[in-house]
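*Asks:* have a look at this prediction, sequence included:
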Amino acid sequence: MEAFKEAGIEVVAISSDDDEGLRKSVENYDGDLPIPLVADPDLAVFRSYRAHDDFEEMPLHGTFLIDAQGMVRWQDISYEPFMKPDFVIKEAKRLLGASAVAN
């Protein structure tokens, strides 16, 4: 998370849990949670970003790089979480330019 912060990239996690489930997850986390969490039990955000399998009726893991104007510049949507944070930082610098990321 420190590398994202240094690059000027804000990270937000969207959970399919309701508020109570999300609260329990935060309580069970060991230490301070470094990422703001948002509850989306109706899966509206998942569907709007196409991170939802309509056939299986289940949310997917999505990682998105969104610019200051709200445009999705890069995405990875899968059944498994994207686990290459260095790649996301490198792509942010490439797609947005170093000055846009550092602001």
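*Replies:* Yep, that arrived. Numbering: from 1, shown residues only.

*Asks:* what residues does stretch 46-60 touch?
*Replies:* Judged by CB atoms under 8 Å, 6 or more residues apart in numbering, the contacts made with stretch 46-60 from elsewhere in the structure are I14, S16, D40, L43, H61, G62, F64, V72, Q75, I77, S78, Y79. Every residue, glycine included, has its C-beta placed from N, CA and C.

*Asks:* go with 6 Å
*Replies:* Judged by CB atoms under 6 Å, 6 or more residues apart in numbering, the contacts made with stretch 46-60 from elsewhere in the structure are S16, L43, G62, I77.

*Asks:* quick one: distance of it to the chain centre.
*Replies:* Distance of stretch 46-60 from its chain centroid, counting by CA atoms, centre = their mean, to the nearest Å, is 15 Å.

*Asks:* so how far is the first residue of that stretch from its last?
*Replies:* 7 Å (CA to CA, to the nearest Å).

*Asks:* which positions within the top helix by length along the chain qualify as buried?
*Replies:* Criterion DSSP state H: the longest helix present in the chain is helix 85-96. For helix 85-96, a neighbour-count test (16 or more other CB atoms under 10 Å) marks V88, I89, A92, K93, L96 as buried.
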